[in-house]
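Asks: Curious how this folds, go ahead:
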Amino acid sequence: MKKEGRISIKIEKPKRKSIKIKGTKQKIKVSIEDNGEGIDPKMIPNLFTKFSKSIDGNGLGLYISRKIIEAHGSKIRADNNKKNGAIFSFSLPVLNLPSKTIV
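Replies: Purely as a prediction, here's the structure:
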């Protein structure tokens, strides 16, 4: 029987003093963390490669995520939380749309 867990998603727009600028693009940081068992430390170096999996799935989800994030000029990383669970984080450029644009 699995215990109930928690997943939290945090999106931060940097404070004015800590805005990271690459070229002329501002970036936001996205962090996704849970309170599960964490990631096997032996798996972390290959976590974002094709067909890298532990138990379930086909091992492509994190590989595809990495490719999408890299296409936006960023990198994704994964670490274990200090207490328990894992945290995935990446940055994405802020898109400045004209105010009349509807997405």
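Asks: rest of the way, CA atoms for contacts and neighbours
Replies: OK.
Asks: Quick check: bridge partners of the nearest residue to Ser31 once chain neighbours are set aside?
Replies: Spatial nearest neighbour of Ser31, excluding adjacent residues (Cα to Cα, 6 or more residues apart in numbering): Ser89 at 4.3 Å. Bridge pairing for Ser89 (DSSP bridges) gives the partners Ser31, Arg77.
Asks: Cross-check the contact I'm expecting between Ser89 and Lys10.
Replies: No. The criterion here is Cα atoms under 8 Å, and Ser89 misses it with Lys10 at 9.4 Å.
Asks: what about these two, which has more around it?
Replies: With neighbours defined as other Cα atoms under 10 Å, Ser89 and Lys10 compare such that Ser89 has more, 17 against 10.
Asks: which residues touch that one?
Replies: Lys29, Val30, Ser31, Ile32, Ile76, Arg77, Ala78 (Cα atoms under 8 Å, 6 or more residues apart in numbering).
Asks: please redo it, this time with the cut-off set to 7 Å
Replies: Val30, Ser31, Ile32, Ile76, Arg77, Ala78 (Cα atoms under 7 Å, 6 or more residues apart in numbering).
Asks: Equivalent analysis for Glu70, please.
Replies: Glu70 neighbours (Cα under 7 Å, 6+ apart): none.
Asks: ok, now Lys10?
Replies: Residues near Lys10 by Cα under 7 Å, 6+ apart: Val30, Ser31, Ile32.
Asks: Which of those are buried, as a PyMOL select command?
Replies: Burial among those is assessed by 16 or more other Cα atoms under 10 Å; the matching PyMOL selection reads:
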select buried, resi 30+31
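Asks: Generate JSON lines for the contacts of Lys10, with distance to Ile44 as supplementary columns.
Replies: Below are these laid out as JSON lines (distance: Cα to Cα, whole Å):
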{"residue": "Val30", "distance to Ile44": "19"}
{"residue": "Ser31", "distance to Ile44": "17"}
{"residue": "Ile32", "distance to Ile44": "16"}
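Asks: all strands of the chain, in order?
Replies: For the chain, applying DSSP state E gives strands covering 7-12, 21-22, 25-34, 76-80, 86-93.
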